[in-house]
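In: no letters, just coordinates:
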DNA sequence: CTGTTACCGAATATATTGTTCAGTATTATT
DNA sequence: AATAATACTGAACAATATATTCGGTAACAG
């Protein structure tokens, strides 16, 4: 990819995330984004069809980062997914959040954002699926599997939301403990 | 309130909810609303400052309906809130939903809507608070109360969401059972 | 019957979106 | 270093949506 393209793309993402920390996605205009990114209007539209596509692309990259790095760095795939407790994976995610790479927090807080949450959930769903056997023991047989899966994902998302909305005072370890307690 | 005002307000609410069942809140324009409601543009703006205020007002009335009727009709206040199990209240809510008064389902499904959900949650929170003692027994003492409360509310909301998104095939009784099982 | 209030609807200002295009700068290629 | 390809600029433009204004008309309350 051309360096110019990369730079522009980065600049737009940066301006976008800056704005996300100040206001809701729906309130952000393309005009504001290109001002912050300092790129021409036509340039924006040559990169992204619409503002929604920008968010989509942004999410895609973000989750690639979070969910894939998790498998590649240091301890490998098998190590994470084969350990007895599910703590490491969830804990790792929470630590990621605490660092607030890419202003992801703004998107996860209660004031925001539907579309983003849907992405987050669908990524989590795959993760939970691979970990499902770990929760199985506690699962009452009368609960249908899809419901059970949905519940675990929801609980995790809402736990994170609560954590963020309450100032992230607790450590990732404590939150993980809470999460495992209620699920 | 003037009969004309009431009529206009109703007409706008009706047009609005009709549209909500066909598309996302953000995609709905004021133009469409006043067309359906068959009222003048100026009239709309004399009633509601913006489209967001319309949603706010709509939510306010809706929850007044659901959460207050629940206390007034037939079996009274004390009966509902003093019974041993928490089933009746939650069950009652689910039955309300199944009837889909005011197209409330459209707002609760996954494709929709942030602002609405926040209202729903804050109303539920008050409800859960009054029922909290019923959940207390299962609560591990290490969990902080606000977290616990948030979890119950979240679980309820997400259970409903799951129900709706999956076609509401189960009866309200079954869903209530699921809910009580996992909480 | 009368004064008040709400509604109509068309015109208007403003803001945002998304496109177009000619000119300029940057990059990759040879 | 010269050339071709590609990306960016920025201003202009059409299209759409928002929100306000105002003179005229209809409905209401007392």
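Out: Arrived safely. What you are looking at is a predicted structure, and each value in this text was computed from that prediction instead of being measured.
In: strands of chain A, residue ranges please.
Out: Under the criterion DSSP state E, chain A carries no strands.
In: show me what from it comes close to DNA strand D.
Out: Proximity of chain A to DNA strand D is confined to A:2, A:4-5, A:7-8, A:38-43, A:46-47 under the rule C-beta under 7 Å from any atom of the strand. Quick note: C-beta positions are derived from backbone N, CA and C, even for glycine.
In: okay if I get these as TSV plus pLDDT and distance to residue A:66?
Out: TSV is the format used below for these (pLDDT from 0 to 100; distance: C-beta to C-beta, whole Å):
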residue	pLDDT	distance to residue A:66
A:2	87	27
A:4	92	27
A:5	95	24
A:7	95	23
A:8	96	24
A:38	95	28
A:39	95	26
A:40	95	31
A:41	95	31
A:42	95	32
A:43	96	28
A:46	95	28
A:47	95	23
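In: domain map for chain A?
Out: A:1-48, A:55-182 (automatic domain parsing).
In: re earlier: between the residues of chain A next to DNA strand D, which is nearest residue B:64?
Out: Closest approach between the residues of chain A next to DNA strand D and residue B:64, by C-beta to C-beta: residue A:41, at 45.5 Å.
In: quick one: residues contacting the nearest residue to that closest one once chain neighbours are set aside.
Out: Spatially, and ignoring its direct neighbours in sequence, residue A:41 is nearest to residue A:34 (5.8 Å; C-beta to C-beta, 6 or more residues apart in numbering or on different chains). By C-beta atoms under 8 Å, 6 or more residues apart in numbering or on different chains, residue A:34 lies in contact with A:12, A:15, A:40-41, A:43-44.
In: now the buried members of those.
Out: Those of these that meet the buried threshold are A:12, A:15, A:43-44, by 16 or more other C-beta atoms under 10 Å in any protein chain shown.
In: which one of these is nearest to chain B?
Out: Checking these against chain B with C-beta to the nearest C-beta, the nearest one is residue A:44 at 20.1 Å.
In: thought that closest one was touching residue A:31?
Out: No - shown here, residue A:44 and residue A:31 do not form a contact pair, counting by C-beta atoms under 8 Å, at 9.5 Å.
In: show the backbone phi and psi for residue A:40.
Out: Main-chain dihedrals, residue A:40, degrees, to the nearest 10: phi -70, psi 160.
In: so what's it up against?
Out: residue A:34.
In: now it: how far from residue A:58?
Out: The gap separating residue A:40 from residue A:58 is 20 Å, by C-beta to C-beta, to the nearest Å.
In: okay, now residue A:123: neighbour count?
Out: 17 (other C-beta atoms under 10 Å in any protein chain shown).
In: give me the distance between it and residue B:35.
Out: 40 Å.
In: how close does the most centrally placed residue in chain A get to residue A:126?
Out: A centroid search over chain A (C-alpha atoms, centre = their mean) returns residue A:120, at 4.8 Å, as the residue closest to the centre. Counting by C-beta to C-beta, the separation of residue A:120 from residue A:126 is 11 Å.
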